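Participant: Return a 3D structure for these sequence lines:
(one chain, ligands or ions: 2)
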Amino acid sequence: MSVQVLKEIFTKSVESVQPQNLITKQVSVSSGHLTVCGHTYPLHKPCYVVGFGKAVLGMALELEKLLKDKLKMGVVTVPKGIFENLEIQSSIKFIEGARNNIPDEEALSGALEIKALVESLEKDDLLIVLISGGGSALLPLPRPPVTLTEKQNLIRELSTRGADILELNCVRKQISVLKGGGLAELAFPSRVISLILSDVVGDPLDFIASGPTTPNCDNGKDAITIINKYKCYEGLSAAMRAVLGQKRENCYFPPVKDGKYEHVDNFVIGNNQIAAEAARQHAASFGFQSTIISTSVTGNVAQISQIYADLARTICNSSSKQTLKDFLETCGLCVDPSAVDTLISFDLAKEICVIAAGEPTVVVNGSGKGGRNQQLALELSVRLNKLNIKSADISFLSAGTDGIDGPTDAAGAIGTSDLVNNSLEENIKPDDYLNNNDSYTFYSKYLQGEHLIKIGHTGTNVMDIHVMLIKPKRK
Ligand SMILES: Nc1ncnc2c1ncn2[C@@H]1O[C@H](COP(=O)(O)OP(=O)(O)OP(=O)(O)O)[C@@H](O)[C@H]1O
Ligand SMILES: O=C(O)[C@H](O)CO
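Facilitator: Ligands and ions are numbered 1, 2, ... in the order given. Below is the predicted model of the structure:
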């Protein structure tokens, strides 16, 4: 029963951040004006749209419906294969590229078309930029003489050595023409409005899709420091080293005020806070005492799974509310103080649903098949088993809102406090699979795959959702 409930909570969460719904909620066009998040812009003449990311297709189509004849021209890059079984009528040019998030020649050609459109704009033109996760790979344009292959190799090497998204995008900004504010600079002096679906913890505008419409606040040496941290500098070409060493041109043009370009307005129209709140509301509809403890979960899956296991034990075994309060304030999850007060106000003898969101990391050493969400659910199950909590049944869902977890067709998986015992009856040992980063194979075998979350590409992407359900056992 908990498995189905968790899957339903996750589904509602993903629905809440569907790009087309976010556009209709926050964007409108009437009597010759465009209104975005309450800000109004005159549409003196038809405007232009560019976009790039795993979730911009829905945004582009919904925006086109709103703009109608007020849309002059659009170029949008989307992941290869996104149009399978899709029939769309649109005047926007969609260019597919970057299969599996790896920038390729098609994505490069799309970036060049976007650049050409942006460079053609004039002072009284309006450019709407659609940005979502996966945008970096869909807007590749290395600074000459760096080649696309050199850029791909460097980013892939950094990623497999454990660099996180902020480190990867710091390097991307330094070696790209359009990232790190480059797109906005080329668009100047036209007016630019960015509609952003955030897939980075804390919604940092200069790192989401490597911040093409936000000034690059990194200093020129940050990228080299990161490359040295992961011991990748030695293998770089002379061209790459030269571009990495380049000082950024005059960073006071176009005019920048309070960390933003004066000709640009950036709007985050969707993020994991919206998704987490939808999950919390749906959990509450089942009668569970529900709260969101964090939307900025980062760190290694091994560390996060231990924190969640300790949280479950603290809730189940809390001798006093103070014990739970002390744990929440020191556990390392950056739990919001209001969430601490909410959680300690709960009746610990009744069902509790704890929700979190973010993007942990996994350093993959094994040869197995899996993803960080599947690994987290399995690792938590093993840790819960070791704690041997007898007073409650605990179940835990971890899944990516884009529907794809690692190189698998699953979005994530569900772990439980009795998973280890159940799996022994099926003669499959979780540790054997964990040690080989083979969580997908485990879950495919366990209970005929019932604990895998399979929903296909969702068309959105606001990182991962974690839902823990604690159901006290009847005494
Ligand atoms: N066998 C595996 N087991 C566990 N984790 C894995 C495995 N293979 C890959 N991963 C993790 O999956 C991550 C890639 O996940 P995914 O393909 O969902 O992209 P992403 O990071 O979510 O990108 P985006 O934000 O664009 O969706 C890798 O960084 C790696 O840490
Ligand atoms: O494309 C990217 O850079 C990542 O998805 C972060 O936004």
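Participant: Same question for stretch 55-71: list its buried residues.
Facilitator: 55-64, 66-67, 70-71 (16 or more other CB atoms under 10 Å). Just so you know, the C-beta spots here come from the backbone N, C-alpha and C atoms, and that holds for glycine as well.
Participant: And those, which two are furthest apart?
Facilitator: Across the buried residues of stretch 55-71, the longest distance by CB to CB is 23.0 Å; it joins A55 and K70.
Participant: any idea how far V78 is from D199?
Facilitator: 15 Å (CB to CB, to the nearest Å).
Participant: Next: N422.
Facilitator: Plainly put, N422 is 34 Å away from D199 if you go by CB to CB.
Participant: more neighbours, these two?
Facilitator: Using other CB atoms under 10 Å as the criterion, N422 and D199 rank with D199 on top: 29 against 14.
Participant: my read: that one touches D464, true?
Facilitator: No: judged on CB atoms under 8 Å, D199 makes no contact with D464 at a distance of 9.7 Å.
Participant: shared neighbours of those two, anything?
Facilitator: Both D199 and D464 are in contact with N272, E359, where contact means CB atoms under 8 Å, 6 or more residues apart in numbering.
Participant: looking at this structure, which helix or strand is least sure?
Facilitator: strand 256-257 (a mean of 90; mean pLDDT, DSSP states H and E).
Participant: quick check, E150 in a strand?
Facilitator: No: E150 sits outside any strand when classified using DSSP: H, G, I helix; E, B strand; the rest coil, being helix.
Participant: pLDDT score assigned to the residue nearest to D464 when sequence neighbours are not counted?
Facilitator: Once flanking residues are discounted, D464 sits nearest to G400: 5.1 Å by CB to CB, 6 or more residues apart in numbering. The per-residue pLDDT reported for G400 equals 98.
Participant: what about G400, how many residues close to it?
Facilitator: 27.
Participant: ok, it touching L376?
Facilitator: No: taking contacts as CB under 8 Å, G400 lies outside contact range of L376: 10.8 Å.
Participant: tell me which parts of the stretch 1-150 of the chain are close to ligand 1?
Facilitator: Within the stretch 1-150 of the chain, the positions lying close to ligand 1 (CB under 6 Å from any ligand atom) are N101, G133, G134.
Participant: what's the answer for the stretch 351-475 of the chain, then?
Facilitator: Counting by CB under 6 Å from any ligand atom, the stretch 351-475 of the chain comes close to ligand 1 at 361-362, 364, 368-372, 375, 400, 402, 404-407, 437, 439, 461.
Participant: Which members of those residues occur in strands, if any?
Facilitator: Counting by DSSP state E, these place G400 in strands.
Participant: Low-confidence regions, this structure specifically.
Facilitator: 248-252, 319 (pLDDT under 70).
Participant: Now it against ligand 1: closest residue?
Facilitator: Closest approach between the chain and ligand 1, counting by CB to the nearest ligand atom: G370, at 3.1 Å.
Participant: What backbone torsions are found at that residue?
Facilitator: Backbone geometry at G370, expressed as degrees, to the nearest 10, gives phi 180, psi -170.
Participant: Can you tell me the number of residues neighbouring the residue nearest to it when sequence neighbours are not counted?
Facilitator: Excluding its sequence neighbours, the residue lying closest to G370 (CB to CB, 6+ apart) is S439, at 3.6 Å. Residues lying near S439 (other CB under 10 Å) number 34.
Participant: mind listing what S439 touches?
Facilitator: Listed by CB under 8 Å, 6+ apart, the contact set of S439 reads G368, K369, G370, G371, Q374, Q375, A377, L378, A413, Y433.
Participant: can those residues go into TSV with extra columns for neighbour count and distance to N153?
Facilitator: Putting the contacts of S439 into TSV (neighbours: other CB atoms under 10 Å; distance: CB to CB, whole Å) gives the following:
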residue	neighbour count	distance to N153
G368	18	24
K369	19	24
G370	27	24
G371	25	23
Q374	36	28
Q375	30	26
A377	31	32
L378	31	32
A413	32	32
Y433	25	31
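Participant: Let's see which of those residues end up in helices.
Facilitator: Counting by DSSP state H, the contacts of S439 place Q374, Q375, A377, L378, Y433 in helices.
Participant: so which two of these are the farthest from each other?
Facilitator: A377 and Y433 (11.8 Å).
Participant: Can you get me a residue count around Q322?
Facilitator: Quick note: Q322 (other CB under 10 Å) scores 10 neighbours.
Participant: So it, which state does it fall into?
Facilitator: With three-state DSSP as the basis, the three-state label of Q322 is helix.
Participant: what's the distance between it and T314?
Facilitator: In this view, Q322 and T314 are 11 Å apart by CB to CB.
Participant: buried set for stretch 258-267?
Facilitator: Neighbour counts over stretch 258-267 (16+ other CB under 10 Å) mark K260, Y261, H263, V264, D265, N266, F267 as buried.
Participant: In TSV: these, plus distance to ligand 1 and secondary structure.
Facilitator: Shown next, in TSV, are the buried residues of stretch 258-267 (distance: CB to the nearest ligand atom, whole Å; DSSP: H, G, I helix; E, B strand; the rest coil):
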residue	distance to ligand 1	secondary structure
K260	24	strand
Y261	25	strand
H263	28	coil
V264	23	strand
D265	24	strand
N266	19	strand
F267	20	strand
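Participant: Now narrow those to whatever sits close to ligand 2.
Facilitator: Among those, no residue sits close to ligand 2 (CB under 6 Å from any ligand atom).
Participant: sorry, back to before: which strands border the least confident helix or strand of the chain, and is each parallel or antiparallel?
Facilitator: Strand 256-257 has the following strand partners under DSSP bridges: strand 260-261 (antiparallel).
Participant: Just give me how far the strand it pairs with sits from the chain centre.
Facilitator: With CA atoms, centre = their mean, to the nearest Å as the basis, strand 260-261 stands 24 Å off its chain's centre.
Participant: Same question for stretch 11-21.
Facilitator: 14 Å.
Participant: Contacts for it next, please.
Facilitator: Outside stretch 11-21, the residues that reach it (CB under 8 Å, 6+ apart) are 55-59, 61-62, 132, 197, 270-272, 274-279, 281-282, 401, 403, 455, 458-460, 462, 465.
Participant: Just the buried residues of these.
Facilitator: Those of these that meet the buried threshold are 55-59, 61-62, 132, 197, 270-272, 274-279, 282, 401, 403, 455, 458-460, 462, 465, by 16+ other CB under 10 Å.
Participant: Inside helices: which ones of the residues you listed?
Facilitator: Among the buried ones among the contacts of stretch 11-21, the ones falling in helices (DSSP H) are 56-59, 61-62, 272, 274-279, 282.
Participant: For the stretch 301-450 of the chain, just list every one of the strands.
Facilitator: Ranges of strands in the stretch 301-450 of the chain, per DSSP state E, counting those that start in this stretch, are 352-358, 392-400, 412-416.
Participant: so which of the ones you listed is the most packed in?
Facilitator: Of all the strands of the stretch 301-450 of the chain, strand 412-416 has the most neighbours on average by mean count of other CB atoms under 10 Å, namely a mean of 30.
Participant: Parallel or antiparallel, list what pairs with that one.
Facilitator: Assessed with DSSP bridges, strand 412-416 is paired to strand 392-400 (antiparallel), strand 452-453 (antiparallel).
Participant: could you dump those to JSON lines with distance to I344?
Facilitator: What follows is the strands paired with strand 412-416, written out as JSON lines (distance: least, CB to CB, whole Å):
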{"stretch": "strand 392-400", "distance to I344": "17"}
{"stretch": "strand 452-453", "distance to I344": "30"}
